[in-house]
Each structure stands twice: as C-alpha cells, then as structure tokens.
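> With the input below, show me the fold.
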Amino acid sequence: MGDRKSALVDTGGKAAIPSPLAGEGGPARCAGSGEGDTPARKKKTKRIVSEPVAFARRLRRDATPAEKKLWLLLRRPPFDAAKFRRQVPIGPYVADFLSFSARLVIEADGSQHGADSRDSRRDAWFGRQGWRVLRFPNRDVLNNTDGVATAITLALNEGATP
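Numbering: from 1, shown residues only. I've put the predicted structure just below:
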C-alpha cells in the first residue's frame with residue numbers, strides 16, 4: 001500500500017476515493033455542502049447604475065464644444081490644483097464642472113439658459129448647500145477664454161482661506 005493515490009478509506013462499508021494530494025486534483029469546486037461536483041464559476045454581477053450617474057456619463061460623452069474647451073482649461077495649471085470634475089451628480093442636479101475643495105460649481109450655458117427660472121432655483125439650491133456658482137455663456141467660453149479664466153481665478157482666490 002505504498003501508493004497513496006490508490007488507497008481506499010474505510011467509510012463503514014462504502015468505498016470512497018481519498019482527497020487528492022496537495023497541488024493535485026481536478027477543477028475547483030463550488031463552496032457549499034461539499035457534496036456537489038459543479039466546477040466553481042466566477043459570479044457575474046450586474047452593475048446597477050443610478051439614473052443620475054448614467055445621465056452624467058451621457059453628458060460627459062456628448063459634451064458641447066464649449067464644455068470641451070472649458071474642461072481643457074480646468075485641467076491645466078493653475079486650475080488643476082482645484083481638482084475640477086465634470087458632469088457630477090450632486091443632489092437633484094448634475095453640475096457641469098465642480099471643485100469639492102473650492103466648493104465651486106461652473107456652468108457652461110447654451111442659448112436656452114437666457115432667463116431660465118430653473119437656473120435660478122438650481123443656483124439657489126447650490127447656494128443653500130454651501131456652493132458658489134459661476135455661469136458662462138457658451139459664446140464667452142469659446143470666444144473670450146481669457147476673460148473666463150480670469151473670472152475663475154478670482155472666484156478660486158475669493159474662496160481660498162487665508
């Protein structure tokens with residue numbers, strides 16, 4: 001009986017195959033009662049994405065030319081230190097650009113934002129949460145980038161603690 005692989009274990013009259021030696025054996029088995037012989041499989045988990053997150057992703061993917069230009073500006077020095085993020089779901093809204101450290105929201109507004117009362121309610125909500133909001137018309141972002149950069153710099157400096 002020098003061969004351990006072929007040795008039988010006394011199981012009260014029933015023959016059983018012994019466990020394989022370390023490093024040997026067939027496919028991995030599922031955890032459970034130990035009686036099953038189903039190979040272990042990776043669980044496929046379905047990632048549940050909330051509606052605001054899915055909406056924000058769509059907005060990032062479908063950015064306007066002004067949003068793309070503003071995003072490039074905010075990623076470069078000196079604005080990169082504020083760590084802006086784009087299309088961030090926050091409360092009931094999605095902010096175009098947001099810096100958590102500066103508590104600053106920046107919105108690039110198309111022509112539909114002229115005198116929109118929804119923008120006023122939105123800005124008021126952000127204000128109640130302790131956020132400052134800067135709004136720039138798309139035409140300013142596209143045609144007056146230096147002016148937009150100056151306004152953002154002033155807002156960041158204004159919010160800095162001495």
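
> so how far is residue 159 from residue 98?
Noted for residue 98: a distance of 13 Å to residue 159, by CB to CB, to the nearest Å. Yep, even glycine has a C-beta here, placed from its N, CA and C like the rest.

> Likewise for residue 85?
Here residue 85 is placed at a distance of 16 Å from residue 159 (CB to CB).

> same question, residue 134
For residue 134 relative to residue 159 (CB to CB), the value is 11 Å.

> Need the overlap of contacts for residue 98 and residue 159.
Residues touching both residue 98 and residue 159 (CB atoms under 8 Å, 6 or more residues apart in numbering) are residue 104.

> Report the set of residues contacting both of residue 134 and residue 159.
Listed as contacting both residue 134 and residue 159 by CB under 8 Å, 6+ apart are residue 104.

> who has more neighbours, the two?
Between residue 134 and residue 159, counted using other CB atoms under 10 Å, the more crowded position is residue 134 (17 against 14).

> what pLDDT does the residue nearest to that one when sequence neighbours are not counted get?
Distances taken as CB to CB, 6 or more residues apart in numbering put residue 106 closest to residue 134, at 4.9 Å, once the chain neighbours are dropped. Confidence at residue 106, expressed as pLDDT, is 97.
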